[in-house]
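Chemist: here you go, sequence then predicted model.
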Amino acid sequence: MHKQNRKAFIKKMGRGGVAIFASAPPAQWNHDTEYLYRPDPNFYYLTGFEEPESICVIAPEHPKHQYILFVRPKDKQAEIWNGKRVGVKDARKHYGADKVYPIEKFSEKIGKYLQDAKRLYYTLGSNEIIDTEILSLFTQSVRSRIRSGKGFDTLVDPSPILSELRLIKNETELQRIRQATEITVAGHVAAMKAVRPGLYEYQLESLVESTFRMNGAGGAAYPTIVASGGNATTLHYTTNDCEIEDGNLVLLDAGAEYGRYSGDVTRTFPASGTFTEAQREVYQLVLDAHKTIIDGIRPGVSIDEPHQKSIELLTEGMLSLGLLKKKKKIEKLIEDGAYRQFYMYRIGHMLGLDVHDVNCVREANGDYKTFQPGMVITIEPGLYVAEGTKGVPPQYLGIGVRIEDDILVTESGNENLTSGVPKEIDEVEALVRGAK
Ligand code: GLY
Ligand code: MN
Ligand code: MN
C-alpha cells in the first residue's frame, strides 16, 4: 500500500520537486518515560515505517535513489532496554527503500539529493529538529542560487497533496478501517451488555478498551468518553469518574485503532435498560435524523448536504420538543443559528489514519466537494440540553444524546460500517436488559 501511496504522491509533485518527511518526535509522558509511539500519519502513509528518529526523502528524478530512508541504526544496548530496531539493512529489505542511511548521516547526505531540485516539499512544524535543518538548507540553497544559479528556491507544504490522497481510501486502508470498526462494534456491544446503575464510568471505559485490545486493536483511537446523566452534555467529557445512576442515560463515544486506522462510534443507552419518556423523545428524534441523513449519502451529493440536513431536522425536533419557541419561521431560526444552543458542531468528519481525518472538503473555488466512493465519514447528530438551561421544558434538562456511525461511500450509495451496534430503542433496551 505504501508503495502505491508514494507513486500517487510523486504523480502530484510535478517535475523538479524533492520531498522530505520527518517522523514525529516521541512525546514525553513523565521524567524518562515516553508515550507509546505513534508515527506521523503522512509519514506513515508514505513509508509504513513506525520508528521515531527517521526521515523519508522522495527524489523522483534522482538517477539511482528515488526513495531514501534515514533510520536509527541497530544498537545492542539500546535494544536491550527499548526493544528491537529495524536498522539500516532491514529497512531496505522490508520497506522498499532504494537507499537507507543511519539517521546521523542526514546532514551529510541530503545535499546530493537536493542539488537539482527546484522545489523542496516539507511540512514545517512536523519536527522541530528537522525544521531547523530544513531552514538552514533553504538558506544555503538560496545563497548558492545567487552565485551558481542552482538550488531550490521554494519551500512547499506537501500536506494538501497528502490530504487529497488520504481523502479516498484504497483497498488496504479499507480493510483496516473495516477491522477497526468491527472491533469498535464489539467494544460497544460489550459495554451495553455490562452497563448497570452503580458501575463507575471508568469501569465501562476499562471494559470497552480491554475489548478493543482483546480483539487485536492497537488500543483506543482517542480518549474514550463515558458520560452518564448530565455529563453527556459536555461534548468531549473524558474524566469518566462518576458513578452511573439509576435513570441515567450513558453516552459512550469510543473507537478502536487497528493498523493505525480508526473507528469512531457513539451510542447512548439507559443504564437501567428502559428509556424514560423524556429520554425516549429526545433519542427518537436524534435517531430519525441520523437515519435520514445517512440515507442521503451517495456519490455526487455535496459533502455539506448531511450537515445542512442535520440543522433542518434537529431544528424541527427542537421546536417539537419545545426547546426552541415557534416565535419565528423555521428558516429564520436556522439563519440565526438558534440550534447551536443544543447542537453545536458539524455533523461529522472524515475518518482514517486520524480520527478527525483530512479535512480538504472544499474545491479551490470554495464550493464543497461531492462524495466519492472510498470516502469514510462519521455521521453523529446529537442534542444536548445542559442542566440549568433557562426556558426549556424541565424534563429535558441534563439529557445529552449522540448517535454516531462510520459510513463508507460506495459506487451505489453507502455502507454503514458500524451498524452492528444496535440503535433502535427496542433493540438497545433488549441488549442492555438482556444479560442482566
Ligand atoms: N470521538 C470524537 C468525535 O466523535 O468526533
Ligand atoms: Mn466519536
Ligand atoms: Mn466523530
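Modeler: That came in fine, so what should we check first? Numbers count the residues shown, from 1 in each chain. Ligands and ions are numbered 1, 2, ... in the order given.

Chemist: average pLDDT for the longest helix belonging to the chain?
Modeler: Longest helix of the chain, by residue count under DSSP state H: helix 171-194. The average of the pLDDT scores along helix 171-194 is 98.

Chemist: wait, what's in contact with the spatially most central residue of the chain?
Modeler: For the chain, the residue nearest the mean C-alpha position is Val355 (1.2 Å; C-alpha atoms, centre = their mean). Contact analysis of Val355 by C-beta atoms under 8 Å, 6 or more residues apart in numbering lists Ala221, Tyr222, Gly255, Ser262, Asp264, His349. Glycine gets a C-beta too; all of them are placed from N, C-alpha and C.

Chemist: enumerate the residues of the stretch 101-250 of the chain near ligand 1.
Modeler: When proximity is defined as C-beta under 6 Å from any ligand atom, the stretch 101-250 of the chain approaches ligand 1 at Tyr222.

Chemist: what's the helix or strand for the residue nearest to the centre of the chain?
Modeler: Using DSSP states H and E, Val355 sits in no helix or strand.

Chemist: nearest residue to it in space, please, no chain neighbours.
Modeler: Spatial nearest neighbour of Val355, excluding adjacent residues (C-beta to C-beta, 6 or more residues apart in numbering): Ser262 at 4.4 Å.

Chemist: quickly find the element holding the residue lying closest to Pro102 once chain neighbours are set aside.
Modeler: Distances taken as C-beta to C-beta, 6+ apart place Pro73 nearest to Pro102, at 4.2 Å, with adjacent residues excluded. Under DSSP H and E, no helix or strand contains Pro73.

Chemist: tell me how many other residues crowd Pro73.
Modeler: Neighbourhood size, Pro73 [other C-beta atoms under 10 Å]: 17.

Chemist: who's in contact with it?
Modeler: Going by C-beta under 8 Å, 6+ apart, Pro73 touches Arg85, Gly87, Val88, Pro102, Ile103, Glu104.

Chemist: ChimeraX command for the buried members of these?
Modeler: Buried residues within the contacts of Pro73, by 16 or more other C-beta atoms under 10 Å, are selected in ChimeraX with:
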select :85,87,88,102,103
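
Chemist: enumerate every residue touching the residue lying closest to Ile10 once chain neighbours are set aside.
Modeler: Residue nearest to Ile10 in three dimensions, not counting chain neighbours: Pro60, with 4.8 Å by C-beta to C-beta, 6+ apart. Contact analysis of Pro60 by C-beta under 8 Å, 6+ apart lists Ile10, Met13, Gly17, Val18, Gln66.

Chemist: is it true that Ser141 touches Gly149?
Modeler: No. Using C-beta atoms under 8 Å, Ser141 is not in contact with Gly149; the gap is 11.7 Å.

Chemist: the two - which one has more neighbours?
Modeler: Ser141 (20 against 7).

Chemist: and that one, what are its phi and psi?
Modeler: The phi and psi values for Ser141, taken as degrees, to the nearest 10, are phi -70, psi -40.

Chemist: can you give me the pLDDT of it?
Modeler: 89.

Chemist: what is the helix or strand containing Ile129 packed up against?
Modeler: Using DSSP H and E, Ile129 maps to helix 128-148. Applying 3 or more C-beta pairs under 8 Å, 6 or more residues apart in numbering; DSSP states H and E, we find helix 128-148 packed against strand 17-22, helix 106-114, strand 119-121.

Chemist: list the contacts of whatever residue of the stretch 1-150 of the chain ends up closest to ligand 2.
Modeler: In the stretch 1-150 of the chain, the residue that lies nearest ligand 2 is Pro41 (17.9 Å; C-beta to the ion). Residues near Pro41 by C-beta under 8 Å, 6+ apart: Arg166, Arg260, Gly352, Leu353, Asp354.

Chemist: next one: it from Tyr345, what distance?
Modeler: Distance, Pro41 to Tyr345, by C-beta to C-beta, to the nearest Å: 22 Å.

Chemist: the longest helix of the chain near ligand 3 at all?
Modeler: No. Helix 171-194 does not reach ligand 3 (C-beta under 5 Å from the ion); its nearest approach is 11.3 Å.

Chemist: buried set for that helix?
Modeler: Across helix 171-194, burial judged by 16+ other C-beta under 10 Å covers 173-174, 176-192, 194.

Chemist: cool, stretch 416-429 as well?
Modeler: Leu417, Thr418, Val421, Pro422, Lys423, Ile425, Val428, Glu429.

Chemist: between those residues, which is nearest Ala289?
Modeler: Ranked by distance to Ala289 (C-beta to C-beta), these are led by Lys423 at 12.1 Å.

Chemist: follow-up on the earlier one: can you tell me which of the helices and strands packed on helix 128-148 is most buried?
Modeler: Mean neighbour count (mean count of other C-beta atoms under 10 Å) peaks for strand 17-22 among the helices and strands packed on helix 128-148, with a mean of 24.

Chemist: list the contacts of that strand.
Modeler: Applying C-beta under 8 Å, 6+ apart, the set of residues contacting strand 17-22 is 9, 13, 40, 42-43, 46-47, 55-60, 110, 113-114, 117-123, 126-127, 129-130, 134, 152, 156, 158.

Chemist: buried subset of those?
Modeler: Of the contacts of strand 17-22, these count as buried by 16+ other C-beta under 10 Å: 9, 13, 40, 42-43, 46-47, 55-60, 110, 113-114, 117, 119-123, 126-127, 130, 134, 152, 156, 158.

Chemist: how about Ala430, nearest residue that isn't a chain neighbour?
Modeler: Pro422 (7.8 Å).

Chemist: residues in contact with that neighbour?
Modeler: Going by C-beta under 8 Å, 6+ apart, the list of residues near Pro422 reads Val189, Met192, Arg267, Val428, Ala430, Leu431.

Chemist: out of those, what pair is the most spread apart?
Modeler: Arg267 and Ala430 (13.8 Å).

Chemist: which one's more surrounded, the two?
Modeler: Arg267 (24 against 13).

Chemist: ok, back up a step: mind checking which of the contacts of Pro73 land in strands?
Modeler: Among the contacts of Pro73, the ones falling in strands (DSSP state E) are Pro102.

Chemist: residue ranges of the helices in the stretch 201-350 of the chain, please?
Modeler: 201-214, 277-295, 305-321, 330-336 (DSSP state H, counting those that start in this stretch).

Chemist: got these as TSV, with mean neighbour count columns?
Modeler: Listed next are the helices of the stretch 201-350 of the chain as TSV, based on neighbours: other C-beta atoms under 10 Å:
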stretch	mean neighbour count
helix 201-214	19
helix 277-295	18
helix 305-321	20
helix 330-336	13
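
Chemist: can you tell me which of the ones you listed the model trusts least?
Modeler: Among the helices of the stretch 201-350 of the chain, helix 330-336 carries the lowest mean pLDDT (a mean of 93).

Chemist: fine, thanks again, bye for now.
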